[in-house]
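Asker: structural data only, the sequence is not supplied:
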């Protein structure tokens, strides 16, 4: 089993409160649904839970309770969101009620939209075939336009939902830091402190950001072998403070 990376720089003061661990990253390769659950329950504090709510597809053509129903990864996500309602407060949350639609690739179920519906993510509907239990995800640009473009995501639904949640959780974190573009070589000092999450890059047509974690810290790295930008999200200001020791040029820094 991969060892938990050491803390960033000097110790984080006890006053910042509990710091979520990274043990969930051990589960990503073998059980991404459980990894997502472990991350969310550790990162987001418990609060008053939401009542059970139907998450069947909208559109009046049947319910997710029909044979097959929602794929387990998506059903598990909705169960988790009832335990941690913060998942519904993301800037671009997973839809509470997936929407049925159709297109050049056939019938599909839209489960998330982005940036005012300028793009969406969907799965074939109803799911079937060898990938039915964990279907592939379609990413559609300008789905309401006259010429929408659809590509296949690298990760299946279970792993994509983890990608999506990590990205949104970092964006929603109360303390943020982001570097200016810099030579990728300058990141060498971070690799002993940050643990890579074994997932493909998120939004590969855009930033193609890869995920890294340390206790109480989420990070994404976007760029190539020459130049990169690093972004961080933390629950406590003190988790970011040790990053000052690396002498990066900061576009934004809350620590």
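Answerer: Received, thanks. Quick caveat: nothing in here was measured; it's all calculated off a predicted structure. Numbers count the residues shown, from 1 in each chain.

Asker: quick check: what element follows the one helix or strand residue 140 maps to along the chain?
Answerer: Assigned by DSSP states H and E, residue 140 falls within strand 136-141. The first helix or strand that comes after strand 136-141 along the chain, using DSSP H and E, is strand 149-156.

Asker: hmm, back to that, contact partners of the strand holding residue 140?
Answerer: Under the contact criterion Cβ atoms under 8 Å, 6 or more residues apart in numbering, strand 136-141 has outside partners 103, 105, 108, 118-124, 148-153, 155-157, 160. No exception for glycine: its C-beta is placed from N, CA and C like everyone else's.

Asker: if we use 6 Å, what do you get?
Answerer: 119-122, 148-153, 156-157, 160 (Cβ atoms under 6 Å, 6 or more residues apart in numbering).

Asker: report the buried members of the residues you listed.
Answerer: Taking 16 or more other Cβ atoms under 10 Å as the criterion, what is buried in the contacts of strand 136-141 is 119-122, 150, 153, 156-157, 160.

Asker: what comes up buried for the strand holding residue 140?
Answerer: Across strand 136-141, burial judged by 16+ other Cβ under 10 Å covers 136-140.

Asker: same thing with stretch 175-195?
Answerer: Buried residues in stretch 175-195, counted by 16+ other Cβ under 10 Å: 175-179, 184, 186-187, 190, 193-195.

Asker: mind picking the two most distant members of the buried ones among the contacts of strand 136-141?
Answerer: Farthest pair in the buried ones among the contacts of strand 136-141 (Cβ to Cβ) is 119 and 156. Separation: 18.7 Å.

Asker: ok, back up a step: most widely separated two among the buried residues of stretch 175-195?
Answerer: Maximum pairwise distance among those (Cβ to Cβ): 24.5 Å, between 175 and 184.

Asker: so among the buried ones among the contacts of strand 136-141, where is pLDDT lowest?
Answerer: Lowest pLDDT among the buried ones among the contacts of strand 136-141: residue 150, with 87.

Asker: follow-up on the earlier one: among the buried residues of stretch 175-195, which are in strands?
Answerer: The strands, defined by DSSP state E, take in 175-179, 195 from these.

Asker: nearest to residue 24, of the residues you listed?
Answerer: residue 195 (10.8 Å).

Asker: show me what that closest one bridges to in the sheet.
Answerer: Per DSSP bridges, the residues bridged to residue 195 are residue 213.

Asker: wait, it sits on residue 213?
Answerer: Yes - using Cβ atoms under 6 Å, residue 195 makes contact with residue 213 at a distance of 5.3 Å.
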